[in-house]
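Undergrad: Provided below are the primary sequence and the corresponding predicted coordinates.
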Amino acid sequence: MKTEKRKFTAEFKVQVLREHLENQVPVGKICEHHNIHPNLFYLWKKELFTGALDTFSKKQSSKTDEVKLSRLEEKLKDKDSLISEIVEDNLRLKKKLNGEN
């Protein structure tokens, strides 16, 4: 007889992990109470901390990205103004070359 694989919600996983981390309930007791295997518990714990690293590094990088974006926007404005000056000079030289004032 084939048993179906149980699916756990994110809320349930957080509840179980919080029970261990905040209330310091032993892993064995938690796993027995919720009828889960300890390996599964440790997998969830690993995923939690891996996700936490991503979360904290995103905050840092988003500020860095904003600064980088503003610098690039300034650089783009400078290039646009330089291009328009060059185009004006080019037009002025063409008119001069053709004998127009």
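TA: Ah, there it is.
Undergrad: Test my guess that residue 25 contacts residue 19.
TA: Yes - counting by CB atoms under 8 Å, residue 19 is a contact partner of residue 25 at 5.2 Å. Backbone N, C-alpha and C define where each C-beta goes, glycine included.
Undergrad: got a list of what residue 22 touches?
TA: By CB atoms under 8 Å, 6 or more residues apart in numbering, residue 22 lies in contact with nothing.
Undergrad: From residue 79, how far off is it?
TA: Distance from residue 22 to residue 79, counting by CB to CB, to the nearest Å: 54 Å.
Undergrad: just residue 73 next, same as before
TA: Residue 73 is 11 Å from residue 79, where distance means CB to CB.
Undergrad: likewise residue 31?
TA: Distance, residue 31 to residue 79, using CB to CB: 61 Å.
Undergrad: Check residue 93 too.
TA: Residue 93 is 21 Å from residue 79, where distance means CB to CB.
Undergrad: What segments of the protein are strands?
TA: Secondary structure of the chain by DSSP state E: no strands are present.
Undergrad: And the longest helix anywhere in it, how far out from the chain middle?
TA: If you go by DSSP state H, the chain has its longest helix at helix 38-97. Centroid separation between helix 38-97 and its chain, computed with CA atoms, centre = their mean, to the nearest Å, is 13 Å.
Undergrad: Can you tell me which helices and strands that helix packs against?
TA: Under the contact definition 3 or more CB pairs under 8 Å, 6 or more residues apart in numbering; DSSP states H and E, helix 38-97 sits against helix 10-23, helix 27-34.
Undergrad: helices and strands of the protein: which one has the lowest mean pLDDT?
TA: Lowest by mean pLDDT, DSSP states H and E among the helices and strands of the chain is helix 38-97, with a mean of 88.
Undergrad: between that one and helix 27-34, how big is the angle?
TA: Here the directions of helix 38-97 and helix 27-34 differ by 90 degrees (axes from the mean of the first three to the mean of the last three CA atoms, to 10 degrees).
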